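1. Next come a sequence and a model predicted from it.
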Amino acid sequence: MFPTVAQVLELDALRRGAPRVVAGAAGLHRPVRWVHISELADIAGMLQGGELVLTTGVMLPEDKESLAQYIDALADVGAAGLVVELGRRYADVLPRPLVRAAERRGLPLVALRTEVRFVSVTQAVHAHVVDAQLTELRASEAVHQTFNELSVEGAEADEVVREVARMAGAPVVLENLSHQVLAFDPAGQDPEALLDGWERRSRGVAPAGRTGYDRRAGWLVTSVGARGRDWGRLVLVGEPGPPPRTSGEGRPVTTTGPHRHAVLLERGAATLALNRLLERDRESLERQTHRTLLSGILTHALTVSDVALRARALGVPLEGRRLVGVMLRLRGGPASAALEAQSRLRDFTENVALAVRERGLTALTGALDDGAVGVLVSLGPHDEEHRSLEGFAAALDRIVDPASEAPAFVMAAGSSVGSLRDARRTLLEAAQVADAALHGSPGGAERRRAGTYYRLPDVRLRGLLHLLRDDARLQTYVERELGPLLAHDAEHGSDLVRILSVYLDNGRNKSAAADAAHLSRPSFYDRLHRVERILGVDLDQVESCLSLHVALLALEAVRR
C-alpha cells in the first residue's frame, strides 16, 4: 500500500519545511507512488501518475494561463500533488492563478515555508514505498502459501471461508446462485446482523465482472466456480469506500480501502472451486478399495473388465449375477466440525459393512461423499431381491440404533440390472431416490419404517426438485420465472410470492385462495393482478401456472 499525500506531509523530512496545504485538500488521500524533483514547466510528459512533484518554482511561467496549464497537465497525468518551496521564486505566497487552478482540479498544492533538502524527502518517501511494497509482497506470499496448503489438504468450505475472514479482518460469506448462505464467518461481528435479510440484500448487489466492488453496499464480490461453471459467490462484507483503480490491462491496482483484498478473495474462491472437485478419503484400506471400485463405476474411471477383475480378487464376484445399487444417507443435523462428520461417516460405513456380512450378502461397500454410503449388492440365482434388501435394512437398523423407532438413516435401492455394464445406472438411481426421499417432502425421511427402504415410485416431483437443488440450471430457471417477483418483494416488503403460492396450492380457485390467505376477495384479486403485471404472465393459462408452480417448488427446495 502506497502512502497518501497526507501521510507524506507527516514525515520528518517534510515537516521541517513547515508545509501548508493551500489548495486541493480534498485530494490528500491520493496515494504517492514516487517523488519527482523537477524545475521544468513541461514535466508532465515525464510522469506516469502517482508522483509527488517537488519544485522551487524558478522555471514556472509568469502568466496565469500558463500556470493553469501547468496544473492541468499535472492533474491530467494523475500526479499525486505539487510541493513548492518558498524563498527562491515566490517569497511568501504562491501565485493566485496557481492556487485557483489546483483547487479547481482537486490537486493538492503544498507550500514549504522554510528550506528543506529535497533529496532527504525523496529518500524518506521512497524508503516508505519500498517498505510498503515489501510488506505487500510478504502478505501476498503468505496468502499464496496458506491457500496452497488448504488446496492440498482438501479443506472444507467452512475452513476456507474462516481463513479468508481472518486474513481480511472482515466478515466473509459463501453463497450459491440463489443467494442462499452455504458458509460464513462473521469475523467477530454479530452473526445475526450479518445474515439478517441476506437474500434480499444480496440480490441488490451485482457488480460487473467476476470480481467487483459495490460502493453502496460496501461488498467486495467474486464468483466461485471451475471449468466455466460458476456455482456461487464469495462476499467480503465491509464499509463503503472508493472504487478500485485499474491498470491498462484491466487488473486492479493496489489502493487504500477494502479493494486491497481482491487477490485474497479470488484466491479463496479458487481454493473453494478446486476443493469441490476433489474427494477426501479417510477410510480403512478395505473400505478404500471398495470405494475406489464404486467410484470407478460411477465416474467411468475404471473399465468394466478392470472392475470385474479387482472385485473378484476382493471376493465379490459381479459377473453373471443380478446387481442392485443401494444408497444410504444419514439423517439429522450437520456435525459441529469436519473431523466429527468424517468420524460419524466412517463409523456408519463400517456398520453398513457389518450388516452386509451379518446377512451373508455379497457386495461392494464404501462412502461416496460426506453423507452417503453406497452398496452394490451382487445377488445369486437363488437370492430373492426384496427379502435380501429388507433383511439388510432390518439388520442395519438394529446395529445403528436398536432403541429408536425413527431410523437414523434413509435407505434407497435402484432397479436390479443383469450386467456389470449397467451397474452405474442402478447406483445413480439409488442415489437419486435416497436424496429425494431424505429431503423431497416435509417429514419424508421419517415415514420410513424400520426394516424398509425406498424405491423410485416412492418419490415424486418434490423429491426430484430437491435432488436438482444445487444445479445452476435449476437455480437459473427459478430466477427466470420468479426473479422479478422476488426482487419486488425484497424492495417493497410485499408478499406477492406467498400470494402466488397460495393461489396455485388451492388449484387456482381464487375464492378458496383468498380465504386461505385471510384476505378479502377484491384485495386478493388485486394482488394477483400485480403478480401478473410484474411477471408478464396470464394466470388463467394452465401452462404458465404449471411453470410457476414448479418454480415455487424448486425455490422451496433451494431454500431448504
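-> Thanks, I have it. Owing to the predicted nature of the structure, the values given are computational and were not obtained by experimental measurement.

2. For the stretch 151-300 of the chain, give me the ranges with low pLDDT.
-> Along the stretch 151-300 of the chain, the model assigns pLDDT under 70 to residues 227, 239-260, 277-286.

3. ranges for the helices of it?
-> Applying DSSP state H, counting those that start in this stretch to the stretch 151-300 of the chain gives helices spanning 157-168, 191-195, 198-203, 262-277, 285-299.

4. Ok, which of those helices comes nearest Ser66?
-> Among those, helix 262-277 comes nearest to Ser66, with 41.2 Å by CB to CB. To be clear about C-beta, it is placed using only N, CA and C from the backbone, and glycine gets the same treatment.

5. so which of the helices of the stretch 151-300 of the chain comes closest to Val116?
-> helix 262-277 (37.0 Å).

6. how far off helix 157-168 does the closest one point, in degrees?
-> In terms of direction (axes from the mean of the first three to the mean of the last three CA atoms, to 10 degrees), helix 262-277 departs from helix 157-168 by 170 degrees.

7. What are the buried residues along helix 262-277?
-> Residues of helix 262-277 classed as buried under the neighbour-count rule (16 or more other CB atoms under 10 Å) are 262-275.

8. what does stretch 95-109 give?
-> Within stretch 95-109, the residues that count as buried by 16+ other CB under 10 Å are Pro95, Pro97, Leu98, Val99, Ala101, Ala102, Glu103, Arg105, Leu107, Pro108, Leu109.

9. how about the helices of the stretch 351-500 of the chain, start to end?
-> 385-400, 423-439, 461-467, 472-492, 496-505.

10. just those helices: most buried one?
-> Most buried of those, by mean neighbour count (mean count of other CB atoms under 10 Å): helix 423-439, with a mean of 23.

11. how far is that one from where the chain is centred?
-> Relative to the mean C-alpha coordinate of its chain, helix 423-439 is positioned 27 Å out (CA atoms, centre = their mean, to the nearest Å).

12. Gly507: how many residues sit nearby?
-> 9 (other CB atoms under 10 Å).

13. Look at it and tell me its secondary structure.
-> The local conformation at Gly507, judged by DSSP: H, G, I helix; E, B strand; the rest coil, is coil.

14. Tell me both backbone torsions, phi and psi, for it.
-> Main-chain dihedrals, Gly507, degrees, to the nearest 10: phi 60, psi 30.

15. Look up how far Glu115 lies from Val35.
-> Separation of Val35 from Glu115 (CB to CB, to the nearest Å) stands at 17 Å.

16. Between the two, tell me which one has more neighbours.
-> Set Val35 next to Glu115 and count neighbours by other CB under 10 Å: Val35 wins out with 22 against 13.

17. Tell me which other helices or strands the helix or strand where that one lies touches.
-> Using DSSP states H and E, Val35 maps to strand 34-37. Packing contacts for strand 34-37, counted by 3 or more CB pairs under 8 Å, 6 or more residues apart in numbering; DSSP states H and E, involve strand 51-55, helix 118-153.

18. Extract the residue ranges of the stretch 351-500 of the chain that are flagged as low pLDDT.
-> Low-confidence segments of the stretch 351-500 of the chain (pLDDT under 70): 402-407, 439-451, 463, 467.

19. Quickly, which of the helices and strands packed on strand 34-37 bottoms out on average pLDDT?
-> With a mean of 78, helix 118-153 has the lowest mean pLDDT of the helices and strands packed on strand 34-37.

20. Just the buried positions in that one, please.
-> Phe118, Val121, Thr122, Ala124, Val125, His128, Val129, Val143, Thr146, Phe147, Leu150, Ser151.

21. can you put those in TSV and add distance to Glu479?
-> Formatted as TSV, the buried residues of helix 118-153 follow (distance: CB to CB, whole Å):
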residue	distance to Glu479
Phe118	59
Val121	56
Thr122	55
Ala124	54
Val125	51
His128	48
Val129	46
Val143	33
Thr146	34
Phe147	30
Leu150	31
Ser151	31
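
22. for Leu182, what are its contacts?
-> Leu182 sits next to Ala157, Leu174, Glu175, Asn176, Gly232 when contact means CB atoms under 8 Å, 6 or more residues apart in numbering.

23. An error on my part: the question was meant for Leu485.
-> Neighbour list for Leu485: Leu496, Val497, Leu500, Val531, Ile534, Leu535 [criterion: CB under 8 Å, 6+ apart].

24. Of those, just say which sits nearest to Ala183.
-> Val497 (25.8 Å).

25. Was I right to think that closest one contacts Ala487?
-> No - using CB atoms under 8 Å, Val497 makes no contact with Ala487, being 10.5 Å away.

26. So which of the buried residues of stretch 95-109 belong to strands?
-> Using DSSP state E, the subset of the buried residues of stretch 95-109 located in strands is Leu109.
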